[in-house]
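S.K.: Here's my sequence, what's the structure:
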Amino acid sequence: MKAVKYLFLPLLLLAVLSCRKDVNIKPQGGYESQLFIESILYPGEVPKVYLSLSQPFFNEEVTPQDMFARGAEVRLSDGTQEELLRPDSTFDKFRCRWAPFYGGAIPAEYGKTYELTVTFQGKTYTASTTINQAKANLDEVEYTPEFFDVYGGHDGVILRFRDAPGEKNFYRFQMDRFLDTSRHHAHILEVLINDCTNGEKFWITDLGRTVFRDENNDGQPMELYAEVSFEYRRGDTAYIYLQSLDETSAAFYEDIDNQLQSILNPFVEPVFLKSTIDGTLGVFGSVVRSDTVLFIYPQDNP
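M.R.: Sure, this is the predicted structure:
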């Protein structure tokens, strides 16, 4: 019986391996790119509008320069004055590449309603947002070596504050830091070749993946746990904000997070992005930041 048993195991392994089949997929021609718009207004800052063209799944040209929608007409109006935004770019020292956008010169103001108008390839898209979110006040920021969410266990920071009463509020974590290439990204930097900084430190904004709601906590003390994206060492400094988003932007970024969960977990129901801009994909909204809190890491990465 033992001989039969041992013979059965390799036969079973052979049967499993024989089920494998390589399938060559040939991309179909005639792909039509779709415009993607992303713009978040911050009070006191000049507007930036990122316009990208979607690419086929197997297309290797995926840098912002490759996907930038050139030749668009982008206007922003607050009801009293209108501004034509011009093509501009910033150099991303993390990925060593240019990130193009359409930029303005007039800072956004709290309390105003803005309308965005984008005309591209004979089509016009419009969206509006009002910057009226209550500004959050951070009471305390604390380091935590471990907490758990739907993605598993993480180290991170705990943000404590009191929710603004009488309204729906949506929050997101933000951390700004100076880094060099010795501080790796949790998922990206280790496989990227950064050959443009030569040890120089560069500014990084780390936005939280999760959007938090004040549902069932109106006006109450809240405690948010946020994962950070970059490695750190004891004594590293960072500047932490709590963002207050408008409702439509919060829903859009929630969909993005839920879509990521569905990609990573085959048992999670697929999620489709719901655009906040009629006729195309994208989001146009606003964020009000809290005052910044200086944070110093008390230990090395666990």
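
S.K.: In the chain, where is pLDDT below threshold?
M.R.: Under the criterion pLDDT under 70, the flagged ranges of the chain are 1-31, 57-61, 150-152, 186-192, 260-273.

S.K.: all helices of it, in order?
M.R.: Ranges of helices within the chain are 2-18, 64-67, 247-264, based on DSSP state H.

S.K.: Dump the last one to PDB, keeping only the CA atoms.
M.R.: Output of helix 247-264 as PDB, limited to C-alpha atoms (Å, rounded to 0.1, in the frame of the first residue of the first chain):
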ATOM      1  CA  GLU A 247     -18.400  65.000   0.000                       C
ATOM      2  CA  THR A 248     -18.100  64.200  -3.700                       C
ATOM      3  CA  SER A 249     -14.300  64.100  -3.600                       C
ATOM      4  CA  ALA A 250     -14.400  61.800  -0.500                       C
ATOM      5  CA  ALA A 251     -16.700  59.400  -2.300                       C
ATOM      6  CA  PHE A 252     -14.400  59.300  -5.300                       C
ATOM      7  CA  TYR A 253     -11.300  58.500  -3.200                       C
ATOM      8  CA  GLU A 254     -13.300  55.900  -1.200                       C
ATOM      9  CA  ASP A 255     -14.100  54.200  -4.500                       C
ATOM     10  CA  ILE A 256     -10.400  54.200  -5.400                       C
ATOM     11  CA  ASP A 257      -9.500  52.500  -2.100                       C
ATOM     12  CA  ASN A 258     -12.300  50.000  -2.500                       C
ATOM     13  CA  GLN A 259     -11.200  49.200  -6.000                       C
ATOM     14  CA  LEU A 260      -7.600  48.600  -4.700                       C
ATOM     15  CA  GLN A 261      -9.100  46.200  -2.100                       C
ATOM     16  CA  SER A 262     -11.000  44.300  -4.900                       C
ATOM     17  CA  ILE A 263      -7.700  44.000  -6.900                       C
ATOM     18  CA  LEU A 264      -5.800  42.600  -4.000                       C
END
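
S.K.: Going by neighbour count, list what's buried in that helix.
M.R.: Judged by neighbour count (16 or more other CB atoms under 10 Å), helix 247-264 contains these buried residues: 248-255, 258. Every residue, glycine included, has its C-beta placed from N, CA and C.

S.K.: Find the nearest non-adjacent residue to P64, please.
M.R.: The shortest distance from P64 to any non-neighbouring residue, by CB to CB, 6 or more residues apart in numbering, is to A99 (4.7 Å).

S.K.: Who does that neighbour form a beta bridge with?
M.R.: Residues in a beta bridge with A99, per DSSP bridges, are T90.

S.K.: who are the neighbours in contact with it?
M.R.: Counting by CB atoms under 8 Å, 6 or more residues apart in numbering, A99 makes contact with 50, 64, 89-92.

S.K.: Would you check that S229 makes contact with D206?
M.R.: Yes - here S229 lies in contact with D206, judged by CB atoms under 8 Å, at a distance of 4.9 Å.

S.K.: before we move on, back to that, state the distance from the residue nearest to P64 to R86.
M.R.: Note on A99: its distance to R86, by CB to CB, to the nearest Å, is 15 Å.

S.K.: which stretches of the stretch 51-200 of the chain form strands?
M.R.: In the stretch 51-200 of the chain, the strands defined using DSSP state E, counting those that start in this stretch lie at 73-77, 82-92, 97-103, 113-120, 123-130, 138-149, 152-162, 170-179.

S.K.: ranking those strands by burial, who's on top?
M.R.: Of all the strands of the stretch 51-200 of the chain, strand 170-179 carries the top mean neighbour count, a mean of 20, counting by mean count of other CB atoms under 10 Å.

S.K.: Could I get the contacting residues of the closest residue to R183 other than its chain neighbours?
M.R.: Distance criterion CB to CB, 6+ apart; nearest residue to R183, sequence neighbours excluded, is E231 at 4.7 Å. Residues near E231 by CB under 8 Å, 6+ apart: 183-186, 301.

S.K.: let's go with 7 Å and repeat that
M.R.: By CB atoms under 7 Å, 6 or more residues apart in numbering, E231 lies in contact with 183-184, 301.

S.K.: just G103 next, same as before
M.R.: Residues in contact with G103 (CB under 7 Å, 6+ apart) are 46, 48, 85-86, 88.

S.K.: Take the residues you listed and write them to JSON lines, including distance to V293.
M.R.: Below are those laid out as JSON lines (distance: CB to CB, whole Å):
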{"residue": "V46", "distance to V293": "25"}
{"residue": "K48", "distance to V293": "25"}
{"residue": "L85", "distance to V293": "32"}
{"residue": "R86", "distance to V293": "35"}
{"residue": "D88", "distance to V293": "30"}
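
S.K.: Which parts of this structure belong to which domain?
M.R.: 35-130, 138-274+282-296 (automatic domain parsing).

S.K.: Just list whatever residues bridge to the residue nearest to Y225 when sequence neighbours are not counted.
M.R.: Counting by CB to CB, 6+ apart, Y225 lies nearest to F147, which is 4.6 Å off, once chain neighbours are set aside. Legend: beta-bridge partners of F147 under DSSP bridges are H154.
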